[in-house]
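A.B. asks: okay, predicted coordinates and the sequence, questions at the end:
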Amino acid sequence: KKGDAQIAAGQLTAKALFDNDPYYYEYFCSMLSKDEQFVGQFARFQNNFNLDYKRVKVTVKNVPYAKVKLLDVQGNELWSTVADVNGECYLFSNKDGNKVSVTVGDETKLYDANKNVLVEDFENSTLKYNKIQVLFNIDTTGSMGDEIAYLKAELKDVMTKIKSQTNAETEVGIIVYRDKNDAFLTDKFDFSTSVDSALSYLDNQFAAGGGDFEEAVEKAYEVARQFTWANDATKIIVHVADAPSHDKDVSNWFDSVKYFSEMGAHILTVASSGIDSKTEYLFRMQSLQTNGCYAFLTDDSGIGDSHKEAITLDDLPVERLNDLLVRVIKGFHDGDFQRAVNEDLAGYPELLYFNSEIHVNKDVQSVLVKKYIEQFAENKNGAKAGIKMLFLFNNIPFVYIEDNFVEAEEIETTETFGFITKANRLNLTTLW
C-alpha cells in the first residue's frame, strides 16, 4: 500500500548469475542434458519445452551494436540479435546453423557458423548509445506479498540512481501483472523521463490475487512489446517475479523473449521467494537467450519467505539488491559490470571456493602457480581433503582447513597475464 514508500532501500539481498559466461554456460548445458548415464536437473523441463539453448557466440571486434543473424543451409533465419556495447552477442538454436550474417550500417558479410565467430574485418566504430530504457516488469499477485513492499523500495532507489549515476538520457517504464480472473490482468506506465512520475505509479501498486501458482507472464510480455522502444538505446527489462506462466503459454512467452533478443534488449530476471526448479529453468532461459542476467533474492536479508539458491558451480557473492541492479544495468550500458562485492564479507577476505576445477576471478591479485593449483586440486579430492578454500586478505593468502584459518607463507605477487596474476612461490609445508 502507499505506506510502503517509507521502507528503506538496501535491505533485500541477492546474487547475480550470467549463464552465458563460458564457465557457467557449460554447466548450465549439462543440467539440460539427458542420456543413459546422466540426467540433468533441468532435463525434464527441457524435454517438455524444448527451448533453444545451443549457441554460437559472435564477437564483432571494435564495433558495437552490429545486427547479427544465424542462418540455416537454405538461408532461413534461425535467430537474430544485436551485439552489445562490447560487440558480443549470442545466437541460439537447437538446429544446426550454417552461416552467421553480420550487418554494420549498409554492409553485410557472411561467416561460417562455428561455435565462436570472431569478426575483424569491419572498420572500427566509436558509436555509443546515450540513452537507457529500463522496463520494470513486476508480478503483483498475492504470493509476492511477503516482499513486494521491500521490492518497491529497492526499485525506486534503482530508478533514482540510474538517472543520477549515468550521463545517459534515462526512460523508465513499468508493467504490473497478475493472472486471469484477478482485478486486472496487466497495467502499465509508459516510458517516461520523469522518474518522479514512475515512482508515484509504483507507490500505488500492491500484491493481491493470483490463486494458482502460475501467472500471466506471457500477457505482460505482450504488453512490453507494445512499448515505444528506441533503436539507439540500451534496452533492459527487469522482470521481478516468483512464478512462470502456465505451461500452455510458455511458447507465447518465449516468442516474446526471441522478439526482445532480436531488438537487442537484455532481460534481467529477479527471482523472488517461493520459486521452484521449473521456474528457475524458465527464468534462466529468458536471461540466457537475451544475453541478460539471472538474479535471485537470498535468505541473507531475513526478509520474506525462503529463497531458492540457483543451481550452479560455486557460491556467488551476496549483494544488496539495489546495488546489484544498478551495477548490472550500468554494465549493459557501458560494458563494465565491475566486480560484485560480497555484502556478507564486506571488509573480510575474498573467498575462492574449490570445485571440480579452480576458477579464478579476474580481479584477484594473486593466485597459486600451476603446480600448486594442481596440488590443491589433488588434496581436495584425495586423502588430505581438509583444504576447502583459498582467500586473500590485504593481499595475504590464507587457506581454510576445516575449521581453522592458516596463513600461507612466502607469497610473492608478480606480473599479470590474461585473467590470472600468478605467485612465484608458496610454502605449503606447514599446512598439512
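C.D. replies: Nice, I can see it. Numbers count the residues shown, from 1 in each chain.
A.B. asks: hmm, who's touching whatever helix or strand Leu202 lives in?
C.D. replies: Assigned by DSSP states H and E, Leu202 belongs to helix 195-203. Residues from elsewhere that reach helix 195-203 (C-beta atoms under 8 Å, 6 or more residues apart in numbering): 2, 4-5, 136, 152, 155-156, 159-160, 163, 170, 172-174, 189, 192. (C-beta placed from N, C-alpha, C; glycine too.)
A.B. asks: beyond that helix, next helix or strand please.
C.D. replies: Next along from helix 195-203, by DSSP H and E: helix 217-225.
A.B. asks: find the residue closest to Lys131 in space, skipping its chain neighbours.
C.D. replies: Of all residues not flanking Lys131 in the chain, Ala233 sits nearest, at 3.9 Å (C-beta to C-beta, 6 or more residues apart in numbering).
A.B. asks: now do Cys29: how many residues are near it, please.
C.D. replies: 16 (other C-beta atoms under 10 Å).
A.B. asks: could you dump the helix holding Leu202 to CSV, C-alpha only?
C.D. replies: C-alpha atoms of helix 195-203 as CSV (Å, rounded to 0.1, in the frame of the first residue of the first chain):
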residue,chain,number,x,y,z
VAL,A,195,11.4,9.3,-12.5
ASP,A,196,9.0,11.0,-10.0
SER,A,197,6.0,10.0,-12.1
ALA,A,198,7.3,6.4,-12.3
LEU,A,199,7.8,6.4,-8.5
SER,A,200,4.3,7.7,-7.9
TYR,A,201,2.9,5.0,-10.1
LEU,A,202,4.9,2.2,-8.4
ASP,A,203,4.0,3.5,-5.0
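A.B. asks: hang on, the earlier thing: from the contacts of helix 195-203, which shows the smallest pLDDT?
C.D. replies: Checked by pLDDT, the contacts of helix 195-203 have Lys2 as the lowest-scoring entry (41).
A.B. asks: just to revisit the earlier point, which one of the contacts of helix 195-203 sits closest to Phe38?
C.D. replies: Closest approach between these and Phe38, by C-beta to C-beta: Phe136, at 38.7 Å.
A.B. asks: so Met285 makes contact with Leu32?
C.D. replies: No: with contact defined as C-beta atoms under 8 Å, Met285 does not reach Leu32; the gap is 9.2 Å.
A.B. asks: just to revisit the earlier point, out of the contacts of helix 195-203, which are inside helices?
C.D. replies: 152, 155-156, 159-160, 163 (DSSP state H).
A.B. asks: any chance of the residues you listed in JSON lines, plus distance to Arg327?
C.D. replies: Shown next, in JSON lines, are these (distance: C-beta to C-beta, whole Å):
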{"residue": "Lys152", "distance to Arg327": "20"}
{"residue": "Leu155", "distance to Arg327": "15"}
{"residue": "Lys156", "distance to Arg327": "17"}
{"residue": "Met159", "distance to Arg327": "15"}
{"residue": "Thr160", "distance to Arg327": "15"}
{"residue": "Lys163", "distance to Arg327": "15"}
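A.B. asks: gap between the two ends of stretch 56-72?
C.D. replies: One end of stretch 56-72 sits 13 Å from the other (C-alpha to C-alpha, to the nearest Å).
A.B. asks: which SS class is Met144?
C.D. replies: helix (DSSP: H, G, I helix; E, B strand; the rest coil).
A.B. asks: check contacts around it.
C.D. replies: With the criterion set at C-beta under 8 Å, 6+ apart, Met144 makes contact with 151, 207, 241-242, 272.
A.B. asks: which pair in those residues spans the largest distance?
C.D. replies: By the measure C-beta to C-beta, Ala207 and Ala241 form the most distant pair in the contacts of Met144, at 11.5 Å.
A.B. asks: what ranges do the strands span in the stretch 51-200 of the chain?
C.D. replies: 55-60, 67-71, 77-82, 88-92, 99-104, 107-112, 116-119, 131-139, 169-177, 186-192 (DSSP state E, counting those that start in this stretch).
A.B. asks: how far off strand 107-112 does the second one point, in degrees?
C.D. replies: Right, the one you point to is strand 67-71. Angle of strand 67-71 versus strand 107-112, following axes from the mean of the first three to the mean of the last three C-alpha atoms, to 10 degrees, is 40 degrees.
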